[in-house]
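Peer 1: Kindly return the folded structure for what I paste below:
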Amino acid sequence: MSRVGKKPIGIPEGVDVKIEGNLVRVKGPKGSLERRFHPIIKIKIEDGTVKFERPTDLPFHRALHGTCRALVANMVKGVTEGFKKELEIQGIGFKAELQGKKLTLTVSKSHPVVYEVRDDVKVEVPAPTKIIVSGIDKEVVGQVAAEIRGIDPPEPYKGKGIRYVDEHVRRKAGKAGAAQG
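Peer 2: Residues are numbered from 1 along each chain as shown. Predicted coordinates for the structure are as follows:
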């Protein structure tokens, strides 16, 4: 039984939610988002809250129920507060620079890597070793942060690379030593 799907989503003041069939549009102070959902899940607005109903207790319907509710909740949170992912760069001489919509990363490659930033996210570089990705769509913010991290993920021996601020990198021991023969 989905506990997530049963929970109604309160609509904060200043947020407008419109439902047209299986299309949900959410408009708020930070912007607007829209998304199509599976037609099996019924989405309704009652008493200033968004509610979700599923037709049966089949596992597929239960999973879809909770997923739809979570996605709409993220849309409402995105247009009111927004989402943010922070990355940090570790390694001697590793740094990031932002010129317009181009993020230039000097990491463990033979050349600087240029990443083109999408229009629907905002990327900031407050320090040469810190990158902040923010926006209203949780999925896009996470994807952009993952793409930037994927340019040079942290390696397990020295820990060099790009990582999330709260990420823990398991370290490995290096060579134990050559056999004396």
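
Peer 1: Quick one: residues contacting the most centrally placed residue in the chain.
Peer 2: Taking Cα atoms, centre = their mean, the centroid of the chain lies closest to residue 142, which sits 2.3 Å from it. Residues in contact with residue 142 (Cβ atoms under 8 Å, 6 or more residues apart in numbering) are 83, 85. For the C-beta atoms, the positions are set from N, CA and C on the backbone; glycine is no exception.

Peer 1: Am I right that it falls within a strand?
Peer 2: No: for residue 142, which was evaluated using DSSP: H, G, I helix; E, B strand; the rest coil, the result is helix, with no strand membership.

Peer 1: what's the single longest helix in this structure?
Peer 2: When the chain is parsed with DSSP state H, its longest helix is helix 59-80.

Peer 1: then that one to CSV, C-alphas only?
Peer 2: Coordinates of the C-alpha atoms in helix 59-80 are reproduced here as CSV (Å, rounded to 0.1, in the frame of the first residue of the first chain):
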residue,chain,number,x,y,z
PRO,A,59,2.0,-3.4,-8.0
PHE,A,60,2.3,-1.3,-11.1
HIS,A,61,-0.5,1.0,-10.1
ARG,A,62,0.8,1.3,-6.5
ALA,A,63,4.3,2.3,-7.9
LEU,A,64,2.8,4.8,-10.3
HIS,A,65,0.7,6.3,-7.5
GLY,A,66,3.6,7.2,-5.3
THR,A,67,5.8,8.3,-8.3
CYS,A,68,3.2,10.7,-9.6
ARG,A,69,2.6,12.2,-6.2
ALA,A,70,6.4,12.7,-5.6
LEU,A,71,6.9,14.3,-9.0
VAL,A,72,4.1,16.8,-8.5
ALA,A,73,5.4,17.6,-5.0
ASN,A,74,8.8,18.3,-6.5
MET,A,75,7.2,20.6,-9.1
VAL,A,76,5.5,22.6,-6.4
LYS,A,77,8.7,22.8,-4.3
GLY,A,78,10.7,23.8,-7.4
VAL,A,79,8.5,26.8,-8.3
THR,A,80,8.5,28.0,-4.7
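
Peer 1: List the buried residues in that helix.
Peer 2: Buried residues in helix 59-80, defined by neighbour count with 16 or more other Cβ atoms under 10 Å: 61-62, 64-69, 72-80.

Peer 1: Also stretch 141-156?
Peer 2: Using 16+ other Cβ under 10 Å as the test for burial, stretch 141-156 gives 141, 144, 145, 148, 149, 151, 152, 154.
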